[in-house]
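A.B. asks: the following comprises the amino acid sequence and a computationally predicted model.
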Amino acid sequence: MSRATALVTGAGRGIGRGIAIELGRLGFHVAVNYAGNADAAAECIALVKDAGGDAFAIKADIASAEDRARLVDETIAGLGRIDVLVNNAGVAPNVRADLLDASEESFDRLIAINLKGPYFLTQAFAKHMIDQTKADNIGPFGPPRIVTVTSVSAYTASINRGDYCVSKAGLGMMTALYAARLAEYGINVYEIRPGVIATDMTTGVKGKYDSLIESGAWPIRRWGEPSDIGRAIAAISRGDLPYSTGEVINIDGGFHLRTL
């Protein structure tokens, strides 16, 4: 039987790497997308193979329409079929600026990478997935699936990175839209909403989050790990949620809970 296949965007490091490794444990053939760090992508490929899967790298900037088109073509050529699309690539603002001072340049950059890129990449891959289902070209874990990684910032107001919050909130609606549109083809769509995860992106605010964890700001008093996100996406990719679509899955240590 052929391997199940997946594309993970922004898979060289951090959460994306954790996702790719967990898919490797399921035996997936993973297309590892990266924007610039070829060494990190090569490390990810080796880790996926060590976990039992297979992988290859594709350099592409998802903010670029030309790169997105090439990413789609190279993914399909390399995998032969797309079973799981994981929209993970994203960036934080270069400067955490107060909402009243933040620049249009920063806003445009974050919307292009974090929202516009995944929106149109999903559109392109959805068409391939529809063709596959019509042709009964179904992978070992069932119909294709789409998963988008967002953030608790989708609903938590951070006034010094409003552009980031807006981009993540937009991805939530993107998930709902594609879930509604693709259900007739058996293609389920999910949003994974991470909390505070230990990655390169959060190293600069480690002291702040260490204090929040110690104070009990969320019930499970530890940092999240990329593998926590990866294991959730592995469950979806394995087909463990067949009667669910458009679902928001919080992987946040209970941050979303309101307690008195």
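C.D. replies: Happy to help now that I have it.
A.B. asks: point out where the protein drops to low pLDDT.
C.D. replies: For the chain, the stretches with pLDDT under 70 are 1.
A.B. asks: what ranges does it have for its helices?
C.D. replies: All helices of the chain, identified by DSSP state H, fall at 14-25, 38-51, 65-79, 104-110, 117-134, 162-182, 206-215, 226-237.
A.B. asks: show me what the last one is packed up against.
C.D. replies: This points to helix 226-237. In terms of contacts (3 or more C-beta pairs under 8 Å, 6 or more residues apart in numbering; DSSP states H and E), helix 226-237 is packed against helix 14-25, strand 84-87, strand 145-149, strand 188-194, strand 247-251. To be clear about C-beta, it is placed using only N, CA and C from the backbone, and glycine gets the same treatment.
A.B. asks: for those, which one ends up most surrounded?
C.D. replies: Mean neighbours per residue, mean count of other C-beta atoms under 10 Å, is largest over those for strand 84-87, with a mean of 28.
A.B. asks: in its sheet, what does that strand sit against?
C.D. replies: strand 5-8 (parallel), strand 145-149 (parallel) (DSSP bridges).
A.B. asks: I'd like these laid out as CSV, including distance to Ser211.
C.D. replies: What follows is the strands paired with strand 84-87, written out as CSV (distance: least, C-beta to C-beta, whole Å):
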stretch, distance to Ser211
strand 5-8, 32
strand 145-149, 25
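A.B. asks: what's the closest of those to Thr175?
C.D. replies: strand 145-149 (5.4 Å; C-beta to C-beta).
A.B. asks: which outside residues touch that closest one?
C.D. replies: For strand 145-149, contacts defined as C-beta atoms under 8 Å, 6 or more residues apart in numbering pick out 15, 19, 83-88, 90, 118, 122, 125-126, 129, 171, 174-175, 178, 182, 187-192, 194, 229, 233, 236-237, 239.
A.B. asks: relative to helix 162-182, how tilted is it?
C.D. replies: In terms of direction (axes from the mean of the first three to the mean of the last three C-alpha atoms, to 10 degrees), strand 145-149 departs from helix 162-182 by 170 degrees.
A.B. asks: relative orientation of strand 145-149 and helix 226-237 in degrees?
C.D. replies: With the same axes, to 10 degrees defining the directions, strand 145-149 sits at 160 degrees from helix 226-237.
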